[in-house]
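Curious how this folds, go ahead:
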Amino acid sequence: MTEIHLLTPEILPEFREALEKNSGDGVDGIDHMRMSRITRAMADSSAAFIQVDGEFAGYVANLHDRGNGFELVECVGEVLPAWRRRGFGGQLVDWAIRQAAEKSHSSMLEIVVDALVEDGGLNSLLGVRGFSSSHFTQVSAKVERCGTEEPGPTEIRSIRAQDASSIADLSARISKTEPLARGGEISILSTLRHPYLRRDRCLIALGPDGRAAGVALTLVWPNDTEDLWIETLCAEPSDAKLLRRMVAEIIGSAADEFRTVSMGASDALLKELGGMGFIEEHMWTRNSLLVMAG
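Got it, this is the predicted structure:
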């Protein structure tokens with residue numbers, strides 16, 4: 001079995017060069033996120049690689065989000081094309097599961113791995129290790145194509161510093177009803193700490209009682225600065241009309257800076273976005289595994 005090594009800042013330049021030359025990931029959404037997530041995981045000693053005969057063969061990175069008594073680990077990785085079908089993928093996944101459990105601060109955690117739908121090898125590899133799966137579609141809309149939605153009793157406005165406790169309360173309520181990844185969301189609190197967060201474009205929905213009823217959190221990837229990416233879109237309790245209103249608000253206010261607004265949508269959300277000008281671009285599978293730690 002080939003040894004797996006931790007990724008360190010000293011190795012990172014050589015690793016980045018190998019990835020740029022040899023990676024098989026060509027989908028925009030994955031490519032924009034990749035190096036940012038690897039370097040963030042490296043800072044937490046949660047990124048590793050396999051090297052064969054002095055050449056990088058693959059890598060894996062775990063992004064730990066701890067909060068609300070539940071731990072979510074977003075796992076990204078790849079076996080480079082020249083080294084596939086040699087068992088390295090299984091080694092990297094097994095390392096990621098062990099590492100997530102060893103570094104966990106909770107008794108239970110959820111590991112999520114996103115993969116292209118057509119990547120049957122990876123999806124099968126995860127399936128035999130107990131991962132369950134659900135499908136998502138990346139969609140994009142030109143900013144001028146979305147009309148306004150009917151107003152509702154819930155106030156929608158830009159997020160402010162004083163909303164932190166309300167957002168934390170919303171995140172806790174959602175995580176109690178179902179694990180965030182199963183609902184299509186990587187953690188709200190994790191997104192708010194993302195280095196590419198566009199806080200000035202993020203929205204909060206406040207119910208008549210003043211509690212947060214939903215949020216829409218946006219990022220701008222450095223490689224695609226004309227697109228505003230909705231990373232997290234959720235409401236508690238679930239409210240399709242409220243989600244549409246938040247999306248319409250984001251699209252309607254984006255024309256001064258962006259050409260498109262994009263997001264990853266579950267099958268259920270995709271139906272709710274009908275008539276808003278979104279075009280389907282590609283699909284991926286979210287694989288999820290619950291692990292008892294400690």
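
contacts, neighbours, all on C-alpha from now
Fine.

how about the strands in this structure?
4-6, 47-52, 55-67, 70-79, 108-116, 132-142, 155-158, 203-206, 212-219, 227-235, 260-266, 279-292 (DSSP state E).

Pop out the phi and psi values for the residue in the chain sticking out farthest from the centre.
The C-alpha centroid of the chain is most remote from Asp53, which lies 33.1 Å away (CA atoms, centre = their mean). Torsion angles at Asp53 (phi, psi; degrees, to the nearest 10) stand at phi 50, psi 40.

could you redo the strands of the chain as JSON lines and give each row mean neighbour count and mean pLDDT?
As requested, these are exported to JSON lines (neighbours: other CA atoms under 10 Å; pLDDT from 0 to 100):
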{"stretch": "strand 4-6", "mean neighbour count": "15", "mean pLDDT": "95"}
{"stretch": "strand 47-52", "mean neighbour count": "19", "mean pLDDT": "94"}
{"stretch": "strand 55-67", "mean neighbour count": "22", "mean pLDDT": "87"}
{"stretch": "strand 70-79", "mean neighbour count": "24", "mean pLDDT": "84"}
{"stretch": "strand 108-116", "mean neighbour count": "21", "mean pLDDT": "82"}
{"stretch": "strand 132-142", "mean neighbour count": "19", "mean pLDDT": "88"}
{"stretch": "strand 155-158", "mean neighbour count": "17", "mean pLDDT": "95"}
{"stretch": "strand 203-206", "mean neighbour count": "22", "mean pLDDT": "96"}
{"stretch": "strand 212-219", "mean neighbour count": "25", "mean pLDDT": "95"}
{"stretch": "strand 227-235", "mean neighbour count": "23", "mean pLDDT": "92"}
{"stretch": "strand 260-266", "mean neighbour count": "23", "mean pLDDT": "91"}
{"stretch": "strand 279-292", "mean neighbour count": "18", "mean pLDDT": "85"}
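
quick one, which of these is nearest to Leu192?
Proximity of the strands of the chain to Leu192 was assessed by CA to CA; the nearest stretch is strand 212-219, lying at 7.5 Å.

Hey, what's the angle from that closest one to strand 227-235? Just curious.
Angle between the axes of strand 212-219 and strand 227-235 is 160 degrees (criterion: axes from the mean of the first three to the mean of the last three CA atoms, to 10 degrees).

what does strand 212-219 contact?
Contact with strand 212-219 is made by 154, 166-167, 169-170, 188, 191-192, 196-199, 201-207, 228-237, 242-243, 246-247, as judged by CA atoms under 8 Å, 6 or more residues apart in numbering.

go with 7 Å
Outside strand 212-219, the residues that touch it by CA atoms under 7 Å, 6 or more residues apart in numbering are 166-167, 170, 196-198, 201-207, 228-236, 246.

just how off-centre is that strand within its chain?
Distance of strand 212-219 from the chain centroid (CA atoms, centre = their mean, to the nearest Å) equals 14 Å.
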